[in-house]
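[1] Build me a model:
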Amino acid sequence: MALTLNHYSIRTTDMVATRAFYEGVLGLTVGPRPDFPFPGLWMYRGDHTDVANAVVHIIGIDANDPEGLKKYLGDRDASTLKGSGALDHVAFFADGLAGMLAHLKTLGVAARERTVPSIGLHQLFLDDPNGVVVELNYPAAEQTQLVR
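    Reported below is the predicted structural model:
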């Protein structure tokens, strides 16, 4: 059996801030989403005609009408929706480290940086508005080319 990551979902009470993070920071775009019985957005990397490109699913919680979500995905206490629980982080391969660092600085988004020389990666760790840690993995050679 071969497995690849299809997407990850974030259940949130703040869809506006969550959308802004994934659009503004990671450059994902809102694309088509099935008509589920609860609010939400699918965030795509690339072509919107291929649902495999919908890598982040934002699940909105409608405090005035939570039944559609409860029936479809089950109930969760809103107080448990901060951070990533047992899930530590979600990672993407990326390129263009210098551009991303400049972009994050402009947005005022803090990033924790690490280099893993043994596997040739330079990593950025970001926190989305829900406390989910997003890891961006760049070729370590991009980091060594930076003048700081």
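
[2] only C-alpha atoms for contact and neighbour calcs from this point on.
    Will do.

[3] where does this protein have low pLDDT?
    Applying pLDDT under 70 to the chain flags the ranges 1-3, 85-86, 88, 147-148.

[4] switch to 80 and redo it
    Along the chain, the model assigns pLDDT under 80 to residues 1-4, 62-63, 66, 69-88, 147-148.

[5] domain assignment for it?
    Here the domain parsing of the chain from automatic domain parsing is 8-78, 90-144.

[6] Strands of this structure, start to end?
    Using DSSP state E, the strands of the chain run over 8-12, 29-31, 40-44, 54-60, 90-93, 112-116, 121-127, 133-139.

[7] possible to save those as CSV with distance to residue 68 and mean neighbour count?
    Below are the strands of the chain laid out as CSV (distance: least, Cα to Cα, whole Å; neighbours: other Cα atoms under 10 Å):
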stretch, distance to residue 68, mean neighbour count
strand 8-12, 14, 16
strand 29-31, 21, 18
strand 40-44, 12, 23
strand 54-60, 11, 21
strand 90-93, 27, 12
strand 112-116, 38, 13
strand 121-127, 28, 20
strand 133-139, 28, 20
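
[8] what would the ones you listed look like in TSV with distance to residue 20?
    Output for those, formatted as TSV (distance: least, Cα to Cα, whole Å):
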stretch	distance to residue 20
strand 8-12	13
strand 29-31	10
strand 40-44	11
strand 54-60	11
strand 90-93	18
strand 112-116	20
strand 121-127	13
strand 133-139	15
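
[9] how close does residue 115 get to residue 25?
    Between residue 115 and residue 25 the distance is 21 Å, computed by Cα to Cα, to the nearest Å.

[10] that older thread, select, out of the strands of the chain, the one closest to residue 77.
    Residue 77 lies closest to strand 8-12 among the strands of the chain, at 10.6 Å (Cα to Cα).

[11] And the helices in this protein?
    For the chain, helices defined by DSSP state H occupy the ranges 15-24, 67-73, 97-107, 140-144.

[12] want to throw these into TSV with mean neighbour count and distance to residue 37?
    As requested, the helices of the chain are exported to TSV (neighbours: other Cα atoms under 10 Å; distance: least, Cα to Cα, whole Å):
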stretch	mean neighbour count	distance to residue 37
helix 15-24	17	16
helix 67-73	14	5
helix 97-107	14	34
helix 140-144	15	44
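
[13] Could you dump these into TSV and include distance to residue 61?
    Formatted as TSV, these follow (distance: least, Cα to Cα, whole Å):
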stretch	distance to residue 61
helix 15-24	8
helix 67-73	7
helix 97-107	27
helix 140-144	39
